[in-house]
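A.B. asks: pasting the sequence and the predicted model now:
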Amino acid sequence: MGNGLAVFPDCGTLTTGQMQALARELNQAESVFLVSTEDRHRATARIFTPTEELPFAGHPLLGAAAVLHLERDPMTPEAAWEIAIAGDRTVAVTTRAKRGSITACMDQGVAAFLPPLPAGDAEPFLRALGLDPQHQHPSLPLQVVSTGLPHLIVPLRDGIGSARITHPAFGDLLAAVGARFAYLLEPETPEGRNWDNTGGAEDPATGSAAGPAVAFLVRHGFRRSGERVTVRQGGRIGRPSEIHVTVERDREEYRVSVEGDVWPVGEGSIAPPGRGRDIA
């Protein structure tokens with residue numbers, strides 16, 4: 001089933017409020033709004049969840065590149081794209097056309113690591129996720145890792161199936177250690193789980209977390225540099241997804257690439273009140 005995404009190929013003059021309202025109305029995990037540039041292989045993107053704008057997210061950029069391929073280069077087997085996002089950052093994505101789908105591969109850049117949490121500092125986060133310290137993987141710490149959106153990686157030896165957010169202010173708890181979201185990780189599978197900070201919505205696929213999670217595993221010796229690792233997510237809510245991650249280590253730099261298959265499932269148009277033309 002995978003993770004749903006709404007892509008607006010050209011959002012024109014939509015305001016931030018209109019983009020947020022559309023993302024809320026469509027109620028996908030994320031919606032991405034593109035603005036064309038003079039270069040047909042470049043675009044600018046803004047990414048929204050139903051409740052907020054994000055500076056970076058993985059599967060919206062893969063999906064956006066797939067739509068650009070279908071709209072601008074439908075007869076070309078492979079194409080390369082540059083998508084500008086918040087903070088003057090440009091993300092490179094390559095796409096390959098397949099029968100009925102597009103495979104997109106994104107260079108997420110170099111992973112940034114904050115210091116691992118000491119054992120005593122890790123316990124409140126485990127408790128906030130409905131877990132006990134015994135559920136933590138015995139050889140791995142909790143650690144914040146980012147390729148644009150900082151996630152607290154929570155490695156578990158068991159309990160991932162019963163985990164849930166129980167803390168009433170989980171986002172504030174995460175912010176205290178420099179994280180935006182938490183990503184639960186079972187290293188051996190590997191399997192990941194991720195929610196919004198209220199615990200109300202579970203994400204079937206989180207590219208912005210899967211990349212850092214594999215960088216974390218490479219850094220701690222659980223995976224090899226250059227190994228293609230498939231992270232599974234979403235199966236526990238009936239929407240199984242696979243994200244393919246490769247991390248290349250060069251001394252203390254860990255460069256992350258994330259790949260996934262994008263399947264178009266529908267298209268349409270929306271005209272906001274007061275507008276005389278369709279916008280998507």
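C.D. replies: Sure thing, it's come through.
A.B. asks: distance of Trp195 from Phe170?
C.D. replies: 9 Å (Cβ to Cβ, to the nearest Å). The C-beta positions use only the backbone N, C-alpha and C, and glycine is treated the same way.
A.B. asks: list residues touching both of the two?
C.D. replies: Common neighbours of Trp195 and Phe170, counting by Cβ atoms under 8 Å, 6 or more residues apart in numbering, are Ala182.
A.B. asks: so in this protein, which helix runs the longest?
C.D. replies: helix 58-72 (DSSP state H).
A.B. asks: by contact count, what packs against that helix?
C.D. replies: strand 5-8, strand 30-36, strand 42-48, strand 78-85, strand 89-98, strand 101-110, helix 207-219, strand 253-262 (3 or more Cβ pairs under 8 Å, 6 or more residues apart in numbering; DSSP states H and E).
A.B. asks: gap between it and the chain center?
C.D. replies: Between the centre of helix 58-72 and the centre of its chain there are 14 Å (Cα atoms, centre = their mean, to the nearest Å).
A.B. asks: dump stretch 134-150 to PDB, keeping only the CA atoms.
C.D. replies: The C-alpha trace of stretch 134-150 is given here as PDB (Å, rounded to 0.1, in the frame of the first residue of the first chain):
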ATOM      1  CA  GLN A 134      14.800  -3.300  28.900                       C
ATOM      2  CA  HIS A 135      13.300  -2.800  25.400                       C
ATOM      3  CA  GLN A 136      16.300  -0.700  24.300                       C
ATOM      4  CA  HIS A 137      18.800  -2.500  22.200                       C
ATOM      5  CA  PRO A 138      21.700  -3.500  24.500                       C
ATOM      6  CA  SER A 139      24.400  -2.400  22.100                       C
ATOM      7  CA  LEU A 140      23.000   0.800  20.800                       C
ATOM      8  CA  PRO A 141      22.300   4.200  22.300                       C
ATOM      9  CA  LEU A 142      19.400   6.700  21.600                       C
ATOM     10  CA  GLN A 143      20.900   9.400  19.300                       C
ATOM     11  CA  VAL A 144      19.600  12.300  17.300                       C
ATOM     12  CA  VAL A 145      20.600  12.100  13.600                       C
ATOM     13  CA  SER A 146      19.600  14.400  10.800                       C
ATOM     14  CA  THR A 147      19.900  14.800   7.000                       C
ATOM     15  CA  GLY A 148      17.600  17.900   7.200                       C
ATOM     16  CA  LEU A 149      14.900  16.900   9.800                       C
ATOM     17  CA  PRO A 150      16.400  15.700  13.100                       C
END
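A.B. asks: so where do the strands sit in the stretch 151-280 of the chain?
C.D. replies: 151-155, 181-186, 191-193, 228-233, 241-250, 253-262 (DSSP state E, counting those that start in this stretch).
A.B. asks: for the fifth one, which strands pair with it and how are they oriented?
C.D. replies: Listed by DSSP bridges, the sheet partners of strand 241-250 and their directions read strand 228-233 (antiparallel), strand 253-262 (antiparallel).
A.B. asks: format those strands as a markdown table; extra columns: mean neighbour count and mean pLDDT.
C.D. replies: Below are the strands paired with strand 241-250 laid out as a markdown table (neighbours: other Cβ atoms under 10 Å; pLDDT from 0 to 100):
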| stretch | mean neighbour count | mean pLDDT |
| --- | --- | --- |
| strand 228-233 | 20 | 98 |
| strand 253-262 | 21 | 97 |
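A.B. asks: including distance to Arg96, could these go into a markdown table?
C.D. replies: Shown next, in a markdown table, are the strands paired with strand 241-250 (distance: least, Cβ to Cβ, whole Å):
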| stretch | distance to Arg96 |
| --- | --- |
| strand 228-233 | 15 |
| strand 253-262 | 10 |
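A.B. asks: between the ones you listed, which one is nearest to Thr13?
C.D. replies: Among those, the nearest to Thr13 by Cβ to Cβ is strand 253-262 (27.0 Å).
A.B. asks: chain center to the closest one, what's the gap?
C.D. replies: Counting by Cα atoms, centre = their mean, strand 253-262 comes out at 11 Å from the chain centroid.
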